[in-house]
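1. Next come a sequence and a model predicted from it.
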Protein chains: 2
Amino acid sequence: MAGEDSFARGDDTGPVDVVDLDAVAFLIRPHLRPTTFIESEGLDEAVGAPVRIASETFQHTGSFKFRAGLAAALHAQAEHLITASSGNFGAALALAARRAGKRCTVVMPAQSSEVKIAAVRRHGATVELIDTTQISRAARVEELKRAMPEAHAVSAYDDPYVIAGNATLGAEIFAAGATDVVVVPVGGGGLSSGIVAARNRAARGCKVVGAEPLLANDAARSLRAGVLCKNDGEPATLCDGARASLGQRNFAILRRGIEDIVEVTEENVVRALRLLYDRANLKVEPTGALAVAAVLQEPARFAGARVTCVVSGGNVDATLYARLLAGS
Amino acid sequence: MAGEDSFARGDDTGPVDVVDLDAVAFLIRPHLRPTTFIESEGLDEAVGAPVRIASETFQHTGSFKFRAGLAAALHAQAEHLITASSGNFGAALALAARRAGKRCTVVMPAQSSEVKIAAVRRHGATVELIDTTQISRAARVEELKRAMPEAHAVSAYDDPYVIAGNATLGAEIFAAGATDVVVVPVGGGGLSSGIVAARNRAARGCKVVGAEPLLANDAARSLRAGVLCKNDGEPATLCDGARASLGQRNFAILRRGIEDIVEVTEENVVRALRLLYDRANLKVEPTGALAVAAVLQEPARFAGARVTCVVSGGNVDATLYARLLAGS
C-alpha cells in the first residue's frame, strides 16, 4: 500500500518503486538484533560533543546489511539469488538466503578482505572472485544472469526492499530518543536512503548528514552536480564498504532528503577508528568509522547538536586492524 | 534490612557484613548502563555451544567495576577515598568519586597498562605508582591511611558494597532469560561473589563457574584446600585484572556458592580474545576473555548447557591488543 507510508514516489531521475515500510519491518524485525546504542564520556570529551553511537557491529553477520539482505531474500520470488558485494552485503544475503531456504551466489572483487570472503562462504553461498580491472561487478552479474536465467539479481543498495530493510535501523534510532542529526556512511546509498526514509516518517525535524570517503566521493559530487556521477574504477579508500557508486533510487531519495555529505579524509577515518577503540571499546571496520570521522573533521557543523553516529559494521581483518591501531 | 535479601550471613571463615542488595541496586541502577547481551552464530560454531555474552565493555569506564565503585562511593561517609587497583577499579572509583563529589587516590603497580593509568587520571583521581617488588599495594594503602586518617580505604573486591554493586550485573543476567550456567572471571572475587549473591536470590538452579588464570590460581587452590591461599607476588598472567588474590568475604561466599573454577591457560585466553574479535566483533581485554576461554578449554563441561559468559571489561592498550591479534 503506497501513500504517506511509502518512502519514495517517483522523481525526475526516473520512477522509484514504492514499498510499504511497515510491511517490510513487520516481516523482518523478529529476525533482527536491535541496534546497540553506546555512549561514552571519554568519546564525547575527545570528539568535543555528546555523541550517541548506533552500532550495527553486533547485528547478524556483523553489519546493518543483514536488514537489507533479509528483506530482499524474503520478498524475492526466485529460489536463487545473485549479488555483487565487496563483502558485507554478500555475507548478509548469504545468511538471509540460507534462512529463507534459497541458494546464493556472491560476486566479490578479488582484493576483498579475507574475513569477508570467509564469512560469505561460511554462510553457505558460492563466491565468484573477479579482477575488477578486467570486468566490473555489474558485468559479471549480467553474465551470471544470462547463464542462470531463473536466478534473481539483488543490488546491495539500489533495491526498494534493501532500502526498506535499512529503514528499520532508522526507525530504531528515532524511537530511542531525541536526536538533532544522524550521521551515516554513504557508499551505494542503501543505508543513507533507508535512514532518510525512516526520518521522513518518524522525525521530520532531524537532519541526516552523509559521511563519504573523499577518495570515493561520487555521492557528494552527484549532489553538487544534480546528476548521478560515478567513481572511476575501484577507489583506493580504506573504507571497502563505501567503494560502490551511488545507485539511481538512492540518488533520488538522497537529493531530496539528505542535508549534506561530509567528504572524509583517510586520516580522519583512522583517527575515528582508534578513538572508538580507545574511548568506547568498540571494534569497527574503516567504513564503520566514517560517521565519527565526519564529526572529527567538521566539529563546527555539529556543535551544540545531539548527534547520533551510525557505525555500520565491524568486520575487518585482524592484520589490517592491528596495523591501523599500531599507526603504521 | 538483613534476612533472605542479604547475600551472606556469616561463615566459619569469620563474620561477613550484611548488605541489602535491593537498597544498593535502587541507589546505583539509575546511573549504570545495562549490560550488553551479544549472541553470534559464528561464535557458537567456533565454541561448539550456544553462548550468550554479557559484556560490560560498554559500562561507564569500560568495565563492570563502575557498579562496585559507585556503590562504595555513595555509601562511604568519608570525603576522600583510597584504593589499590591494577586499573579498572581505579578508573571506576575515580569516576564514581567525582560523581559523588569526593576526592580519590589510587595505588597502582608501575607495570599497569598505560591506558588504565591514563583513565584514572582523566577521571580526576591522584595516581600513586608503586614498585610491587618493593612494597605491596596493601602496605602502601596502609601508609597512605596513616598519613591521611580522614580518608577511607576501599577494597576493589573484599567489601560488602562492592559485592552488592556487582550483584546488579547478576540480576540483569538472570532477568534476561534462562541460563544453566554463568561463567565469570575470578581475580579478587568481587565479581564472582556478586554473581553468586544474585544467583542465590534470582536463579537457584543456575550454576556459577569461575574462570581464573592458571598463572594466578589462588582461588582454585583456596577452594581445594578449604583455606584462603595467596598468589606469590605479582603473577605473570596477561590477565591484569585477575592478578589480585581472593578476598576473605569473597572466599566465604564462593566456597559455598560457586560450582568450580576452571584454571585457564594463557594460550586459551589469547584464543578467546581473538575469537571474540573475529566472530563477535567484540574488543575485550585479556581478563575479559577468561570466561569464553574456560568454555574453549573444557568444552565437555558445558556441552548441552545454555551458557552465559561474562566479559568483564574491554580496556587494553592498543599495542598489546595489536600484538595479541597478530599472534606474536
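-> In hand now; what should we look at? Residues are numbered from 1 along each chain as shown, chains lettered A, B, ... in the order given.

2. quick one, what contacts residue A:301?
-> A:209, A:262 (Cβ atoms under 8 Å, 6 or more residues apart in numbering or on different chains). To be clear about C-beta, it is placed using only N, CA and C from the backbone, and glycine gets the same treatment.

3. Now for residue A:132, how many residues are close by?
-> 17 (other Cβ atoms under 10 Å in any protein chain shown).

4. my bad, should have said residue A:183
-> Counted with other Cβ under 10 Å, the neighbours of residue A:183 add up to 29.

5. Surely it is within a helix?
-> No. Looking at residue A:183 with DSSP: H, G, I helix; E, B strand; the rest coil, it is strand, so not inside a helix.

6. quick one: what helix or strand has the closest residue to it other than its chain neighbours in it?
-> Nearest residue to residue A:183 in three dimensions, chain neighbours excluded: residue A:291, at 4.0 Å (Cβ to Cβ, 6 or more residues apart in numbering or on different chains). Using DSSP states H and E, residue A:291 falls within helix A:290-297.

7. which residues of chain A score low on pLDDT?
-> Applying pLDDT under 70 to chain A picks out residues A:1-18, A:328.

8. try 80 this time
-> Low-confidence segments of chain A, defined by pLDDT under 80: A:1-18, A:86, A:113, A:115, A:327-328.

9. how about the residues of it near chain B?
-> Residues of chain A found near chain B (Cβ under 8 Å from any Cβ of the partner chain) are A:33, A:36, A:38-42, A:45, A:57-58, A:60, A:62, A:95, A:115, A:119, A:122, A:274, A:277-278, A:280-283, A:314-315, A:318-319, A:321-323, A:325-326.

10. swap the cut-off to 6 Å and go again
-> Contacts of chain A with chain B, taken as Cβ under 6 Å from any Cβ of the partner chain, map to A:38, A:57-58, A:62, A:281, A:283, A:314, A:318, A:322, A:325-326.

11. Could I get the contacting residues of residue A:126?
-> Counting by Cβ atoms under 6 Å, 6 or more residues apart in numbering or on different chains, residue A:126 makes contact with residue A:105.

12. beta partners for it?
-> residue A:105 (DSSP bridges).

13. For the stretch 151-300 of chain A, which segments count as helices?
-> Using DSSP state H, counting those that start in this stretch, the helices found in the stretch 151-300 of chain A span residues A:160-175, A:190-202, A:218-225, A:248-257, A:266-280, A:290-297, A:299-302.

14. In CSV: those helices, plus distance to residue B:252.
-> Compiled in CSV, those are given as follows (distance: least, Cβ to Cβ, whole Å):
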stretch, distance to residue B:252
helix A:160-175, 45
helix A:190-202, 53
helix A:218-225, 62
helix A:248-257, 61
helix A:266-280, 37
helix A:290-297, 46
helix A:299-302, 52
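
15. Of all the ones you listed, which one comes closest to residue A:211?
-> With Cβ to Cβ as the criterion, residue A:211 lies closest to helix A:290-297 of the helices of the stretch 151-300 of chain A, at 3.7 Å.

16. Would you indicate which residues of the closest one are buried?
-> A:290-297 (16 or more other Cβ atoms under 10 Å in any protein chain shown).

17. which helices and strands sit right next to it?
-> Using 3 or more Cβ pairs under 6 Å, 6 or more residues apart in numbering or on different chains; DSSP states H and E, the elements in contact with helix A:290-297 are strand A:181-185, strand A:207-213, strand A:260-264, helix A:266-280, strand A:307-311.

18. Including distance to residue A:130, could these go into JSON lines?
-> Listed next are the helices and strands packed on helix A:290-297 as JSON lines, based on distance: least, Cβ to Cβ, whole Å:
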{"stretch": "strand A:181-185", "distance to residue A:130": "24"}
{"stretch": "strand A:207-213", "distance to residue A:130": "22"}
{"stretch": "strand A:260-264", "distance to residue A:130": "27"}
{"stretch": "helix A:266-280", "distance to residue A:130": "25"}
{"stretch": "strand A:307-311", "distance to residue A:130": "29"}
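
19. Figure out which of those is closest to residue A:220.
-> That would be strand A:260-264 among the helices and strands packed on helix A:290-297, by Cβ to Cβ, at 4.2 Å.

20. Go through that closest one and flag the buried ones.
-> Quick answer for strand A:260-264 (16+ other Cβ under 10 Å): A:261-264.

21. Next: stretch A:295-312.
-> Buried-residue list, stretch A:295-312, by 16+ other Cβ under 10 Å: A:295-298, A:301-302, A:305, A:307-312.

22. picking up where we left off before, just the residues of chain A next to chain B: which are in helices?
-> By the criterion of DSSP state H, membership of these in helices covers A:318, A:322, A:325-326.

23. returning to that earlier point: tell me the one of the residues of chain A next to chain B nearest residue B:257?
-> For the residues of chain A next to chain B, the nearest to residue B:257 is residue A:281 (29.5 Å; Cβ to Cβ).

24. and the closest residue to that closest one other than its chain neighbours, what is it in contact with?
-> Using Cβ to Cβ, 6+ apart and skipping the chain neighbours, the partner closest in space to residue A:281 is residue B:314 (3.5 Å). Contact analysis of residue B:314 by Cβ under 6 Å, 6+ apart lists A:281, B:57, B:62, B:283-285, B:288.

25. Can you report phi and psi for residue B:314?
-> Phi and psi for residue B:314, reported as degrees, to the nearest 10, are phi -130, psi 10.

26. same deal with residue A:80?
-> Dihedral angles of residue A:80 (phi, psi; degrees, to the nearest 10) stand at phi -130, psi 120.

27. Please name the bridge partners of it.
-> Here residue A:80, judged by DSSP bridges, has bridge partners residue A:103.

28. isn't it right up against residue A:149?
-> No. Applying Cβ atoms under 6 Å as the test, residue A:80 and residue A:149 come out as separate, 10.2 Å apart.

29. mind checking how far the residue nearest to the spatial centre of chain A is from chain B?
-> In chain A, the C-alpha closest to the average C-alpha coordinate belongs to residue A:191, at a distance of 4.2 Å (Cα atoms, centre = their mean). Using Cβ to the nearest Cβ, to the nearest Å, residue A:191 is found at 17 Å from chain B.

30. do the same with residue A:164
-> 24 Å.

31. so what's that residue closest to, chain neighbours aside?
-> Leaving aside its chain neighbours, residue A:164 sits nearest to residue A:24 (4.0 Å; criterion: Cβ to Cβ, 6+ apart).

32. same check, this time on residue A:152
-> Per Cβ to Cβ, 6+ apart, closest to residue A:152 is residue A:78, 3.5 Å.

33. got it, and residue A:179?
-> Closest to residue A:179 by Cβ to Cβ, 6+ apart is residue A:308, at 4.4 Å.

34. tally of neighbours for the residue nearest to residue A:164?
-> Using other Cβ under 10 Å, the number of residues around residue A:24 comes to 25.

35. ok, so of the buried residues of helix A:290-297, who is nearest chain B?
-> Using Cβ to the nearest Cβ, residue A:292 is the member of the buried residues of helix A:290-297 that sits closest to chain B, with 15.2 Å.

36. what's near enough to touch the nearest residue to residue A:244 once chain neighbours are set aside?
-> Once flanking residues are discounted, residue A:244 sits nearest to residue A:188: 4.0 Å by Cβ to Cβ, 6+ apart. Shown in contact with residue A:188 (Cβ under 6 Å, 6+ apart): A:156-157, A:244, A:247.

37. excluding its backbone neighbours, what's nearest residue A:305?
-> Using Cβ to Cβ, 6+ apart, the closest residue to residue A:305 is residue A:180 (4.2 Å).

38. How many neighbouring residues does that neighbour have?
-> Per other Cβ under 10 Å, the neighbour tally for residue A:180 reads 14.

39. Much appreciated, bye for now.
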